[in-house]
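K.L.:
would you be able to build a 3D model of this:
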Amino acid sequence: MRIFKDYLKENIRIFCWMAVSMLILFLSLWAEGFSVRDSWYIVFLELAIWGTAGAAGFVRYFRKRKQLMRADGAIGYDLSMLPETDSPLEKSYQGLLSELLERKKDQEYSFTLQKKDQLDYYSLWVHQIKTPIAGMRLLLQAQRDGFFAEAAGEAGYKEEETKDAMDWNSRMGLELTRVEQYVGLVLSYLRMEDMGKDLVLRKCCLDAVVRKTAKRFSREFCYRKVSLTIKPFTATALTDEKWLSLVLEQLLMNALKYTQEDGHVWIYLEEEKLVIEDDGIGIRAEDLPRVFEKGFTGYNGREEKRSTGIGLYLCKSIMDKLNHSLTITSEAGKGTKVVLDLAREPLWTE
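P.N.:
Predicted coordinates:
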């Protein structure tokens with residue numbers, strides 16, 4: 001019915017001119033002395049001819065519309081699925097469409113090359129920046145060892161000086177660790193769209209993955225005086241350990257960032273789902289629905305002035321690509337609870 005209405009709408013001018021021509025024909029015949037009956041007979045004969053032509057036109061229109069509907073969404077760069085042209089105008093439209101598709105193909109190829117160059121550059125940059133980071137870490141370690149050697153050799157260091165030097169060394173070490181984490185985050189973000197080429201799905205021991213990831217933050221937990229409790233569990237999930245570790249790393253970074261001194265972070269298994277919970281500053285109710293949006297920082301991010309709005313977006317994107325789910329519940333001033341459902345298939349305990 002819709003196709004018939006569209007056909008009438010598209011040819012409304014022709015039908016109007018047909019009606020006018022029929023009326024003129026009838027009046028002309030009647031004026032020439034034909035009887036009303038004979039005049040109507042000639043008009044109806046003309047109408048039958050036009051009606052047959054209109055019906056044939058509708059059949060062609062119907063077939064063409066059906067063919068276009070089949071091609072919709074599956075045409076890609078091949079125009080062979082389009083119906084044959086019936087007029088020079090349609091041929092011109094298809095020629096223009098073909099030219100646009102060629103331009104689009106060229107632009108996509110150019111964009112792919114540009115993106116590859118960008119990825120290669122940042123990959124090289126990440127690997128190069130690791131060298132000075134490692135060098136600075138060695139210098140800090142050497143400085144720390146040298147300082148304690150001098151202090152042990154009666155160099156006359158006071159206890160306060162020793163404490164200040166240790167604190168400075170620890171803070172510099174933590175900042176270097178953060179630099180390393182952010183460098184890794186950059187590379188992961190760039191590779192995320194093509195992460196399907198880097199996936200290695202296998203059964204992983206969640207407890208081992210969690211403890212290995214948490215160990216990287218041990219010094220920062222101690223320095224910030226935030227307690228971490230990992231409740232023992234024995235569960236296995238089918239996932240990619242490297243990408244899952246990246247998600248856990250980002251979630252622990254957020255927990256540390258927004259948990260105050262003497263706070264607490266818990267990691268445990270609840271109803272076969274991995275949970276990371278803290279008693280930090282929490283998330284406002286109006287910000288909670290948007291925490292996974294790219295670039296969204298929310299009230300906490302604007303207050304801290306350190307949030308980029310990329311971390312949780314990256315976590316959600318990775319979890320979606322791993323066919324896992326990630327949900328967050330929180331209340332301002334009462335902490336945040338992050339739930340990772342890794343049940344690509346049911347978890348099982350051993």
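K.L.:
before we move on, what SS does the residue lying closest to Lys316 once chain neighbours are set aside have?
P.N.:
For Lys316, the nearest residue in space outside its immediate sequence neighbours is Phe292; the separation is 4.2 Å by Cβ to Cβ, 6 or more residues apart in numbering. For glycine as for every other residue, the C-beta is placed from the backbone atoms N, C-alpha and C. Reducing the assignment to helix, strand or coil with DSSP: H, G, I helix; E, B strand; the rest coil, the entry for Phe292 is coil.
K.L.:
burial of Phe292, as a residue count?
P.N.:
When neighbours are defined as other Cβ atoms under 10 Å, Phe292 has 19 of them.
K.L.:
hang on, isn't it packed against Ile310?
P.N.:
No: in terms of Cβ atoms under 8 Å, Phe292 does not count as a neighbour of Ile310; the distance is 11.0 Å.
K.L.:
grab the CA positions of stretch 42-60 and hand them over as PDB.
P.N.:
Taking only C-alpha atoms (Å, rounded to 0.1, in the frame of the first residue of the first chain), the coordinates of stretch 42-60 have been written out as PDB:
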ATOM      1  CA  ILE A  42     -14.700   8.100 -26.200                       C
ATOM      2  CA  VAL A  43     -13.400   9.500 -22.900                       C
ATOM      3  CA  PHE A  44     -13.700   6.200 -21.100                       C
ATOM      4  CA  LEU A  45     -11.900   4.500 -24.000                       C
ATOM      5  CA  GLU A  46      -9.100   7.000 -23.700                       C
ATOM      6  CA  LEU A  47      -9.100   6.500 -19.900                       C
ATOM      7  CA  ALA A  48      -8.800   2.700 -20.400                       C
ATOM      8  CA  ILE A  49      -5.700   3.300 -22.500                       C
ATOM      9  CA  TRP A  50      -4.100   5.600 -20.000                       C
ATOM     10  CA  GLY A  51      -5.100   3.300 -17.100                       C
ATOM     11  CA  THR A  52      -3.400   0.300 -18.800                       C
ATOM     12  CA  ALA A  53      -0.200   2.400 -19.300                       C
ATOM     13  CA  GLY A  54      -0.400   3.500 -15.600                       C
ATOM     14  CA  ALA A  55      -0.800   0.000 -14.400                       C
ATOM     15  CA  ALA A  56       2.200  -1.100 -16.500                       C
ATOM     16  CA  GLY A  57       4.200   1.800 -15.100                       C
ATOM     17  CA  PHE A  58       3.200   0.800 -11.500                       C
ATOM     18  CA  VAL A  59       4.400  -2.800 -12.100                       C
ATOM     19  CA  ARG A  60       7.800  -1.500 -13.200                       C
END
